[in-house]
Structure formats: structure tokens, C-alpha cells
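**Q** 3D model of this:
(one chain, ligands or ions: 2)
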Amino acid sequence: MSTNPVIYQFHGGMQLEHHKQLSLGQPLQQASLADEIIIPLNQHIGEANQALVKVGDEVSAGQILAETSELVSAPVHAPCTGRITAIEPRPIAHPSGQQADCFILQPTAGLATIESWDNPPLADSSKQELLEIIRAAGIVGLGGAVFPTAAKLETADNYPIETLIINGAECEPYITCDDILMQTRPALVIRGIQYLQRILQPQRTLIGIEDNKPTAIKAMREALSEAALEHTEVVSIPSLYPSGSEKQLIKILTGQEVHSGQLAFEIGALSQNTGTCAAIAQAVDQNQALTSRIVTVTGPGVNNPGNWLTPLGTPFSHLIELAGGYKVAQPKLIMGGPMMGLELNDDRIPVVKATNCILVLDQADQPQAQPCVRCGRCTEVCPAKLLPQQLYWYSRARQFETMEKYHLFDCIECGCCSAVCPSHIPLVQYYRYAKSEIWEQQRKTYKSDRSRKRHEFREARLERQKQRDEERRRLKREALAKKKAAQQQTGDKPDKPKEQTVDAVQAALLRVKARKQQQDAERKNISNLTPEQQRQIDEADARRQKMKQEDS
Ligand code: SF4
Ligand code: SF4
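**A** Ligands and ions are numbered 1, 2, ... in the order given. Below you'll find the predicted structure:
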């Protein structure tokens, strides 16, 4: 029987209704292929991908569709065989309803059947080979961060990683995709952890799972015991939101604080989500790119909530149909959970690597915001130890610089402040808005700095060219003066005067002209003519002359 190690408590947080059973009522299912698959070119944080295929191309399942050679990037692949019918902007998961370039793929064959993963022997790939496999498979953090996994692991290489943390907390209400993964495929997750251990060589590995998932905890402990992994433990942690946020989970499991502006690496910790571990195992053991993921479709707004193994690019509307369709007249659609999710206004949006859950609430249940009553509850629950109420006022006043001084960027957007607010103020929306305004300002400053630097560089280049030309002219003048002085000293004839030089040039030109006329005459073969030929030419010349006179 496993015993739990010591665990620690983070500041703030709150107990929430879980609503997890809603989607755990039926087993994990394979989603069918939609008629049209929509694949955004970029599904990660980092550098933009370039399209490798064009409209009309036939592509096969797993083929790379877009990538870039930059480190912080992740390629995207075709989830099925089909034809690219368009590459065009389509709505993607963004609160503004923003569009982004997408491949539109029309499937021409069914989903490739992926043989079930039967715990094959551990691959003997080296650390570098594993990193390359992870990069080429397009794996990103599947907990929602979508940071390219290979880039994160390579960056961590500069720091000694003492603790590898596997995040199976899944603390947001309603979402159960990690829970069902750990219940149904625990050995796959453990295999991914083994590959991560080979890359990072941590001293210990802690798998944190909230205690509201007893079946997952049991399954993971059994798989761990079967794999006989040393220095690795499944840790049951209290269900207290937001235990699944990186900083909070590190605090719970190690007692260490990741301070403002610090990275987890810097205190010797690195975390990966359970879904990411499974994707790594599939890439290494089955040569399978990240082309599908488990998505929870749930909430009071759908008829049959559940979890579906879904090809990336599947429109939300297709999954909602698989879940029995909408149950309410005014559905409120959220990608993610009710606390940190993105509210969307279009169900044609495709599932991407970041889509862990499609939550459908009833718009009619949503309360109206009222003025702040300064109760201070938002401050009590904030796990980042911020002053949410102050941030709210500064955001309304557009005092973004002041918000930065109040550590706006330490806000993990957990939504605790909004959830406890008796006035139902959507506080997180104000912080997201402020962050995007600051980023936009930084982008503009960066752009204008870059064009200023380009201008300065051009001016400097022209100035250098001017100086070089002047120097060349000065040296020429000095050389001429020296030559003249030497000629005067030795009594040599000075160089010809300029007029004489011009005359000589003209004479040479005349000689060239005469030679050319002679060559032309020879080329026209008009020498050694017979009298009859000469007569015909003379007549033709006379005719031409006459025509010229008539024209004039
Ligand atoms: S919880 Fe809401 S009402 Fe209370 S201080 Fe914070 S913002 Fe104001
Ligand atoms: S959303 Fe930000 S400000 Fe609000 S409780 Fe969470 S971390 Fe604190």
C-alpha cells in the first residue's frame, strides 16, 4: 500500500463544485471524422509555421502540413488522408472571434486505425533522439499552455532538474479528459514519464492527482508499480482550486515557491501534463504525430456529456452532435473550464491541441454584473497574492503601467476572484484585456524600434560609403600630384593635355566606324557584283529614294 509523502498548502484558492461525474458516465469514445477538417497553421506558443502543402494537394494521415525551423515551434500534421481544398482564414478559439489561416482538409479515407498501445519494450533512443522525435511529432503542453515540449525540455537542459512534476490534478470543474486518460491508459502515461526521466535525469518524479479522482490514482499506482520506476510516486493532493496551476502544484508537492518573475527551472522543478506524457509515448513507441487528443464535451447545455478521442481539426459542432446536441435554447460555449476557459460565439471553431474541454452552459443562467462593494473577498482567495480589486479599478481607468507595478503578469487567470465576487464582476476579463493592451503596446514599440534601428543602420551605411568615396578621390589626387612631381623632376614628358586626348579618342572612333561599315558591306555581300546585280540594286535604291520624297 502506497503512502503519501508530505504535502504543502498554497495561499488562497477555493473549494468548487466539481461536476466531474457528468462526463464520466460513459466510456472514452472515438469521435468520427467530420466532413471538413479545419487545421490552424499555428497551434502553439512561439514562432509561426510556414505551409508546406498547397490547395489541391493530396495528403496522407500524419503528413507534416506546416512547420518552421525555429526552436520554439511545433509542426502541424494531417489527422487523416484527404485533399487540401483551401488555405484561408477561419474563426479560431479566441475571445475576440479572431480568424487565423487554416488548412481545410476534405477527408478521402476513414481514420487510420491506430493499433492499441500494448506496452512495447522501452525504446533505446538517446536523449537527443527523443528530443527530435518529440519536436517532429508536434507535441506541445496539453494542459492548456501549448508551449512546444521539446523547446521546454531543451531550455531545462541549462538547469539541474531535481523534481519532475507530472500534472494530473485537473482541478477545473467539469473537465475529465486527463482523469479518463489516467483511468484507461495509465501505462501509456507512465511510459511517457520514463522517456522524460531519460531526458531530464531528475532526482525524483512526483505525479500529483487531486483526491476527487480515486480511480485514476489507483490505476496510476498500479501501472507505476508494474513499471517498477524508482524515485517516482503518485501523490494524492486535496481538491482545492487551482491546485493544477504550475506554481501552485510545485508548492503543494515540494513546498518551494516560484517567486514573481522566476521560472520553475530556476528552483530545479519542471512540470508536464499527463496528456503530454501519453503523446510522448505514442510518438516514441508508435511513431505517431500529435493529430488527436481527448476532449471532454460537457455541461448542462448538452444532452449526452462524455469524452471523445478526437482528430485535431474537428469542428466543435460535430462533437456537440456526437454528445446528443444542444439541450438549451441559448447555449453559452466555452473552450476549457468555467474558471479559466475562453468564451466563444461560434461552434464552427475547430478542436486544436489546446482544446481539453468544450463546456456548454445556459446563457440564461448567467448573472448580470453589479458595482463593486469593496468586500475584499477577491483578495482573500487570490493564489498569486495580488490585489484583484485594485487591478480591476486600474484596468477600467486604463492605467496599465500601474497594473504592471501591481504585478498584473503574476495573475494566472485562475478566475477565483471572479468566482467569489458577490457583484459577479468578470474580473479576469479585465486582466486579460489589460494584458493584451500591454502586449500590443510592446509589439508596437518593438516594431517602431526595429524600423528606427533599420533607418539608423541605413544612414550609417550611406555615411560609410560617402567617406570611402571621399578617401578614394583623395588618394587618387595625391597619386596624380606625386606622378606629376616625379615627371617634372626627371624631365619626362608630362601626360598629353586633355584636348589632345579627346582628339585621339575621336580619331579612334572614326576608325572603328569605317571598319564597321566595311564589315557591314562585306556581310551584305555587295562587293564583286555583276553589272546586272548592280543595276537591280541601283533601281531599288532609286525606288526607296522616291518613296521617301513622296512621304515627306
Ligand atoms: S470581490 Fe468583487 S465586490 Fe468584492 S472587492 Fe472584489 S471586486 Fe469588489
Ligand atoms: S485571476 Fe488573477 S487576480 Fe484573480 S484570483 Fe486568480 S491570480 Fe488572482
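
**Q** surely Val206 meets Ile166?
**A** If you look again at residue 206, you'll see it is Leu, not Val. Yes: if you go by Cβ atoms under 8 Å, Leu206 and Ile166 touch, sitting 7.1 Å apart. Placement of C-beta: from N, CA and C, glycine included.

**Q** Those two: who's more crowded?
**A** Comparing Leu206 with Ile166 by neighbour count (other Cβ atoms under 10 Å), the higher total belongs to Ile166, at 28 against 25.

**Q** backbone phi and psi for that one, please?
**A** phi -100, psi 120 (degrees, to the nearest 10).

**Q** Check which element follows whichever strand or helix holds Gln506 along the chain.
**A** Assigned by DSSP states H and E, Gln506 belongs to helix 498-523. Per DSSP H and E, the first helix or strand lying C-terminal to helix 498-523 is helix 531-551.

**Q** hey, C-alpha coordinates of that following helix in PDB?
**A** Listed next in PDB are the C-alpha coordinates belonging to helix 531-551 (Å, rounded to 0.1, in the frame of the first residue of the first chain):
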ATOM      1  CA  PRO A 531      26.700  44.600-113.700                       C
ATOM      2  CA  GLU A 532      23.100  43.100-113.700                       C
ATOM      3  CA  GLN A 533      23.100  42.800-109.900                       C
ATOM      4  CA  GLN A 534      24.400  46.400-109.500                       C
ATOM      5  CA  ARG A 535      21.700  47.600-111.900                       C
ATOM      6  CA  GLN A 536      18.900  46.000-109.800                       C
ATOM      7  CA  ILE A 537      20.400  47.400-106.600                       C
ATOM      8  CA  ASP A 538      20.500  50.900-108.100                       C
ATOM      9  CA  GLU A 539      16.900  50.600-109.200                       C
ATOM     10  CA  ALA A 540      15.800  49.500-105.700                       C
ATOM     11  CA  ASP A 541      17.700  52.400-104.200                       C
ATOM     12  CA  ALA A 542      16.100  54.900-106.600                       C
ATOM     13  CA  ARG A 543      12.600  53.500-105.700                       C
ATOM     14  CA  ARG A 544      13.300  53.900-102.000                       C
ATOM     15  CA  GLN A 545      14.600  57.400-102.500                       C
ATOM     16  CA  LYS A 546      11.400  58.300-104.500                       C
ATOM     17  CA  MET A 547       9.100  56.900-101.800                       C
ATOM     18  CA  LYS A 548      10.900  58.900 -99.100                       C
ATOM     19  CA  GLN A 549      10.400  62.100-101.100                       C
ATOM     20  CA  GLU A 550       6.700  61.400-101.600                       C
ATOM     21  CA  ASP A 551       6.300  60.700 -97.800                       C
END
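
**Q** Could you check stretch 202-217 and say which residues are buried?
**A** 202, 204-210, 212-213, 216-217 (16 or more other Cβ atoms under 10 Å).

**Q** Can I get the residues you listed in JSON lines including pLDDT and secondary structure?
**A** Formatted as JSON lines, the buried residues of stretch 202-217 follow (pLDDT from 0 to 100; DSSP: H, G, I helix; E, B strand; the rest coil):
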{"residue": "Pro202", "pLDDT": "97", "secondary structure": "coil"}
{"residue": "Arg204", "pLDDT": "97", "secondary structure": "strand"}
{"residue": "Thr205", "pLDDT": "98", "secondary structure": "strand"}
{"residue": "Leu206", "pLDDT": "98", "secondary structure": "strand"}
{"residue": "Ile207", "pLDDT": "98", "secondary structure": "strand"}
{"residue": "Gly208", "pLDDT": "98", "secondary structure": "strand"}
{"residue": "Ile209", "pLDDT": "98", "secondary structure": "strand"}
{"residue": "Glu210", "pLDDT": "98", "secondary structure": "strand"}
{"residue": "Asn212", "pLDDT": "96", "secondary structure": "coil"}
{"residue": "Lys213", "pLDDT": "98", "secondary structure": "coil"}
{"residue": "Ala216", "pLDDT": "98", "secondary structure": "helix"}
{"residue": "Ile217", "pLDDT": "98", "secondary structure": "helix"}
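
**Q** Would you check which pair of those lies furthest apart?
**A** Spanning the widest gap among the buried residues of stretch 202-217 are Pro202 and Asn212, at 26.9 Å by Cβ to Cβ.

**Q** Spell out which parts of this protein neighbour ligand 2.
**A** Applying Cβ under 6 Å from any ligand atom, we find that the chain lies next to ligand 2 at 381-384, 386, 388, 411-417, 427-428, 431.

**Q** Most neighbours out of these, which is it?
**A** Neighbour tally across the residues of the chain next to ligand 2 (other Cβ under 10 Å): the maximum, 31 neighbours, falls on Cys417.

**Q** In three-state terms, label that residue for me.
**A** helix (DSSP: H, G, I helix; E, B strand; the rest coil).

**Q** tell me the contacts of it?
**A** 378-379, 381-382, 388, 427-428 (Cβ atoms under 8 Å, 6 or more residues apart in numbering).

**Q** And it, how far from Pro383?
**A** Using Cβ to Cβ, to the nearest Å, we find Cys417 at a distance of 10 Å from Pro383.

**Q** hey, where'd the helices end up in the stretch 351-500 of the chain?
**A** Applying DSSP state H, counting those that start in this stretch to the stretch 351-500 of the chain gives helices spanning 377-381, 388-396, 400-405, 416-420, 427-490, 498-523.

**Q** winner for burial among the ones you listed?
**A** Ranked by mean neighbour count, the helices of the stretch 351-500 of the chain are led by helix 416-420 with a mean of 23 (mean count of other Cβ atoms under 10 Å).

**Q** Quick check: mean pLDDT of it?
**A** The average pLDDT within helix 416-420 is 96.

**Q** How far away from the center of its chain is that helix?
**A** Relative to the chain's own centre, helix 416-420 is displaced by 30 Å; criterion: Cα atoms, centre = their mean, to the nearest Å.
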